[in-house]
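Trainee: sequence first, then the predicted structure:
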Amino acid sequence: MNHFLDIHTTDATALRGMIDQARAMKEARKGLPKGTPDAEQPLANHMVALIFEKPSTRTRVSFDVGVRQMGGQTLVLSGNDMQLGHGESIADTARVLSRYVDMIMIRTFEESILHELAEYADVPVINGLTNTSHPCQVMADVMTFEEHNGPIKGKKVVWTGDGNNTCASLIHAAGQFGFDFTFAGPEALDPDPELIAFARSKGVTVTIERDAEVAVQGADLVIADTWVSMHDSQSTRQRRHNQLKAYQVNDHLMAQAKPDALFMHCLPAHREEEVTSQVMDGPQSVIFDEAENRLHAQKAVMRWCLGI
């Protein structure tokens, strides 16, 4: 049994195997209607619980469709259904769910909830997102880059904006997949130094650069994310816009990167804020391939978790 809790806690060889399997599974589905079952049905007779304490579009749909394509069934539970840790303890919830399902995916707030669930569950647990990390998204990002521009090892990846949960998993991925990483953002929103130390310990270059134009020079991939969360107050939103307006990804900024550089965004995006529509809809953008690849990458993650 394998839990998929984060990029840095998963063996690098296993991560590479998941990316390769995801691409093979995607290739095998070419031309098929979306509802067509996979030729292989590795999740036949398997039940997967999908727990959402945070709202979701891509995570919910991609996991649900992925389980169904592989022959399994899903049980979708919201935070209101579960009330994790408020009535029944997280440990007891983990023990109970393990009697009903074969695997658990959770999208939650606190990293501690994810880890306690994994500690007491007798089935694999997958991190669908926490406030601290977003490993499934980053697996899709790596897959998408390699589809378009070949191996990501040795490439330069630039993150603009806030050193948030997706940024954290991307820095972990720099260490595990061997690419160099540059963070372009204000000091107040820097990523955790422990993340940087992990990546550097793996022999890759991690750079902090306050000037976005300098940061993206020679970049193979530029990634942005939303500046504000749905839970942020109006005052927080205004402060974030003031902090981050110099880091908007626009045509001028992308022109400083390599001519074949790609642009990614995990979505949903606030057009004309962190990124312009010209970039999102432009020739360097692969945002919708990236969104699709959540499905294929997560199918490979689920197979790895179950050893099938």
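Mentor: Everything's here; your move. Numbering: from 1, shown residues only.

Trainee: can we go C-alpha only for contacts and neighbour counts from here?
Mentor: Fine.

Trainee: ok, which stretches of the stretch 151-300 of the chain are strands?
Mentor: Using DSSP state E, counting those that start in this stretch, the strands found in the stretch 151-300 of the chain span residues 156-160, 180-184, 206-209, 221-224, 262-265.

Trainee: which of these sits closest to Val65?
Mentor: Closest of the strands of the stretch 151-300 of the chain to Val65 is strand 262-265, at 21.5 Å (criterion: CA to CA).

Trainee: if we can go back for a sec, nearest to Thr13, out of the strands of the stretch 151-300 of the chain?
Mentor: strand 180-184 (18.5 Å).

Trainee: that closest one - contacts with which helices or strands?
Mentor: In this structure, strand 180-184 packs against strand 156-160, helix 165-177, strand 206-209, helix 212-215, with contacts taken as 3 or more CA pairs under 8 Å, 6 or more residues apart in numbering; DSSP states H and E.

Trainee: ok so, going back, can I get the strands of the stretch 151-300 of the chain in JSON lines with mean pLDDT, mean neighbour count and distance to Gly150?
Mentor: Below are the strands of the stretch 151-300 of the chain laid out as JSON lines (pLDDT from 0 to 100; neighbours: other CA atoms under 10 Å; distance: least, CA to CA, whole Å):
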{"stretch": "strand 156-160", "mean pLDDT": "98", "mean neighbour count": "26", "distance to Gly150": "13"}
{"stretch": "strand 180-184", "mean pLDDT": "98", "mean neighbour count": "25", "distance to Gly150": "15"}
{"stretch": "strand 206-209", "mean pLDDT": "98", "mean neighbour count": "18", "distance to Gly150": "21"}
{"stretch": "strand 221-224", "mean pLDDT": "98", "mean neighbour count": "24", "distance to Gly150": "12"}
{"stretch": "strand 262-265", "mean pLDDT": "99", "mean neighbour count": "23", "distance to Gly150": "12"}
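
Trainee: and these as CSV, adding distance to Ile287?
Mentor: Formatted as CSV, the strands of the stretch 151-300 of the chain follow (distance: least, CA to CA, whole Å):
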stretch, distance to Ile287
strand 156-160, 15
strand 180-184, 19
strand 206-209, 24
strand 221-224, 10
strand 262-265, 5
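
Trainee: what helix or strand does Val65 sit in?
Mentor: Using DSSP states H and E, Val65 sits within helix 58-69.

Trainee: that older thread, Ser285: which of the helices and strands packed on strand 180-184 is closest?
Mentor: Among those, strand 156-160 comes nearest to Ser285, with 14.3 Å by CA to CA.

Trainee: that concludes my questions; thank you for your assistance.
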